[in-house]
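# Could you work out the structure for the sequence below:
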Amino acid sequence: MKRACLSTVLTALTVAVAASACAAEVQPSRSSEGGCTIAFLLPENTTPRYEAKDHPLFLDAVKAQDSSCKVLYFNAANAADKQQQQAESALAQGAQVLVLDAANVNSSAAIVQEAKAKGVPTVAYDRTAGGPLAYRTGFDNIEVGKTQANAMIKAMQAAGHSSGNIVMINGAPDTTGAFFKQGAHEVFDKSGYKIAAEYDTDGWSPTNATTEMTQAIAKIGAHDIVGVYAANDTLAGAAVTAMRQANISPIPPVTGLDATDEGLQRIVLGTQYMTTYKNLKAETDAAAKIAILLAHGKPLPPAPMVKNVTGDEVPTQLLPPIAVTVDNIKSTVIADGFATSAEVCGGGAADACARAGITG
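Predicted structure coming up:
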């Protein structure tokens with residue numbers, strides 16, 4: 001709570017005391033009782049999951065755990081400078097904790113440092129961030145890349161290709177895309193497959209990814225590609241579009257991430273082999289719990305210390321990613337309530353869903 005400074009100063013000692021009290025005014029309150037303000041800052045809206053899943057799930061998680069807490073919501077639309085402004089706005093509005101999914105992992109330290117200077121802790125959500133973080137919740141993003149690559153190799157081998165040309169459509173290099181790429185390379189580089197074309201897709205743009213895949217087809221040949229690593233479902237959809245435009249049939253195994261409705265439909269229809277499922281409810285529940293504890297000044301659960309991109313050691317809680325194919329859609333994303341059979345089986349996928357045992 002703010003304390004009023006003495007309006008009349010009679011001695012030098014009183015002046016010093018008053019100055020100290022005024023300095024304390026800039027620090028946010030930490031109440032052990034109900035009520036808090038949490039800022040939730042997401043990085044972009046090109047990928048459907050952020051507005052459709054992360055945002056509402058985080059709001060629900062905070063409400064369920066402490067209904068007296070308020071959430072200030074922001075989306076940076078892939079602009080790091082905009083996210084910086086949004087963080088400053090959140091601090092000006094009295095945010096006691098920032099939950100930050102960095103628009104740019106490398107420049108995010110400025111947000112974290114500015115918040116800490118104002119006495120406000122930052123929780124890195126999903127993506128890592130730089131600077132003196134209070135905590136990080138998310139997924140092992142290097143393991144995500146490994147999961148994607150191992151699933152793709154399994155599919156290529158099942159199709160009779162123990163070697164051959166593959167294409168990598170990575171995500172934006174200043175985001176988790178760099179970690180997915182690292183994990184995928186750890187698998188592909190010792191697999192015997194040739195990475196014949198590789199691209200880092202700025203802004204996770206599907207338009208850019210379509211162009212990249214078209215260039216890869218022209219470089220390698222329409223019938224000489226045995227697999228396509230796509231870092232998420234949006235990029236997978238773009239790659240599939242480019243291959244259809246080139247009359248490639250059948251479509252080789254394509255990876256993905258985020259278990260979007262469109263990605264799951266492609267899996268059922270056979271134009272995308274897999275997606276990587278992050279249980280966002282578990283992730284948002286964990287982030288909400290940590291944010292509420294920080295806002296009330298309560299102890300945090302112990303977690304392993306992991307270095308972030310600036311070398312700061314951060315208590316880190318990571319969840320495992322899950323490879324989803326047509327064989328386990330029903331037992332994973334549908335069983336968890338992350339998607340419904342109606343959502344998965346729309347878009348002309350009804351018959352394929354029935355054949356796969358997802359409906360009926």
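
# Can you check the pLDDT for Ala39?
Predicted confidence (pLDDT) for Ala39: 98.

# nearest spatial neighbour of it, skipping sequence neighbours?
Nearest non-adjacent residue to Ala39, counting by CB to CB, 6 or more residues apart in numbering: Ala90, 3.5 Å away. Every residue, glycine included, has its C-beta placed from N, CA and C.

# Tell me how far that neighbour lies from Gln182.
31 Å (CB to CB, to the nearest Å).

# More neighbours: the two, which one.
The neighbour count for Ala90 versus Gln182, taken as other CB atoms under 10 Å, is higher for Ala90 (26 against 14).

# For that one, give me its contacts.
Counting by CB atoms under 8 Å, 6 or more residues apart in numbering, Ala90 makes contact with 39, 41, 72, 74, 98.

# for the residue nearest the centre of the chain, which residues make a bridge with it?
For the chain, the residue nearest the mean C-alpha position is Asp126 (4.4 Å; CA atoms, centre = their mean). Beta-bridge pairing of Asp126 under DSSP bridges involves Gly138.

# Just the CA trace of the helix or strand harbouring the residue nearest to Ala39, in CSV.
Assigned by DSSP states H and E, Ala90 belongs to helix 80-92. Coordinates of each C-alpha in helix 80-92 appear next as CSV, following Å, rounded to 0.1, in the frame of the first residue of the first chain:
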residue,chain,number,x,y,z
ALA,A,80,9.0,-7.0,-30.3
ASP,A,81,8.8,-3.2,-30.0
LYS,A,82,5.0,-3.4,-29.6
GLN,A,83,5.4,-6.0,-26.8
GLN,A,84,7.9,-3.7,-25.0
GLN,A,85,5.2,-0.9,-25.1
GLN,A,86,2.6,-3.3,-24.0
ALA,A,87,4.7,-4.4,-21.0
GLU,A,88,5.3,-0.8,-20.1
SER,A,89,1.5,-0.2,-20.3
ALA,A,90,0.9,-3.2,-18.0
LEU,A,91,3.4,-1.8,-15.5
ALA,A,92,1.7,1.6,-15.6
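
# what helices or strands is the lengthiest helix in the chain leaning on?
Counting by DSSP state H, the longest helix found in the chain is helix 141-158. When contacts are defined as 3 or more CB pairs under 8 Å, 6 or more residues apart in numbering; DSSP states H and E, helix 141-158 packs onto strand 164-170, helix 177-188, strand 225-230, strand 275-277, strand 322-324.

# With mean pLDDT as extra columns, can I get these in TSV?
Output for these, formatted as TSV (pLDDT from 0 to 100):
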stretch	mean pLDDT
strand 164-170	98
helix 177-188	97
strand 225-230	98
strand 275-277	97
strand 322-324	97
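
# just to revisit the earlier point, which residues does the residue nearest to the centre of the chain contact?
54, 101, 137-139, 176, 278, 283.

# Can I get those in CSV including pLDDT and neighbour count?
As requested, these are exported to CSV (pLDDT from 0 to 100; neighbours: other CB atoms under 10 Å):
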residue, pLDDT, neighbour count
Asp54, 96, 23
Asp101, 97, 28
Thr137, 97, 25
Gly138, 94, 21
Phe139, 93, 26
Thr176, 89, 25
Lys278, 92, 24
Glu283, 96, 23
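
# just to revisit the earlier point, from the contacts of Ala90, pick the one nearest Asp200.
Leu41 (23.7 Å; CB to CB).

# Tell me, how many residues neighbour that closest one?
When neighbours are defined as other CB under 10 Å, Leu41 has 26 of them.

# just the one 5 residues further on next, same as before
Applying the criterion other CB under 10 Å, we find 16 residues in the vicinity of Thr46.

# now do Glu313
For Glu313, the neighbour count with other CB under 10 Å is 12.

# Out of the contacts of Asp126, which comes closest to Gly35?
Distances from Gly35 to the contacts of Asp126, taken by CB to CB, are shortest for Thr137, at 22.5 Å.

# Surely that closest one touches Ala282?
No. Thr137 lies out of contact with Ala282 (CB atoms under 8 Å); the separation is 9.4 Å.

# tell me the contacts of the nearest residue to Thr340 once chain neighbours are set aside?
Take Thr340 and drop its neighbours on the chain: the residue closest to it by CB to CB, 6+ apart is Ile334, 6.7 Å away. Residues in contact with Ile334, defined by CB under 8 Å, 6+ apart, are 340-341, 344, 358.

# Save those residues as JSON lines, and put in distance to Gly119 too.
Formatted as JSON lines, the contacts of Ile334 follow (distance: CB to CB, whole Å):
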{"residue": "Thr340", "distance to Gly119": "43"}
{"residue": "Ser341", "distance to Gly119": "48"}
{"residue": "Val344", "distance to Gly119": "46"}
{"residue": "Ile358", "distance to Gly119": "50"}
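
# Check the spacing between the residue nearest to the centre of the chain and Gln265 real quick.
From Asp126 to Gln265 the distance is 24 Å (CB to CB).

# what's the answer for Asn232, then?
Here Asn232 is placed at a distance of 15 Å from Gln265 (CB to CB).

# So for those two, which residue has more residues nearby?
For Asn232 and Gln265, the more surrounded residue by other CB under 10 Å is Asn232, and the numbers stand at 32 against 22.

# picking up where we left off before, a markdown table for the contacts of Ile334, including pLDDT?
A markdown table is the format used below for the contacts of Ile334 (pLDDT from 0 to 100):
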| residue | pLDDT |
| --- | --- |
| Thr340 | 93 |
| Ser341 | 93 |
| Val344 | 94 |
| Ile358 | 93 |
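
# No further queries at this time; thank you.
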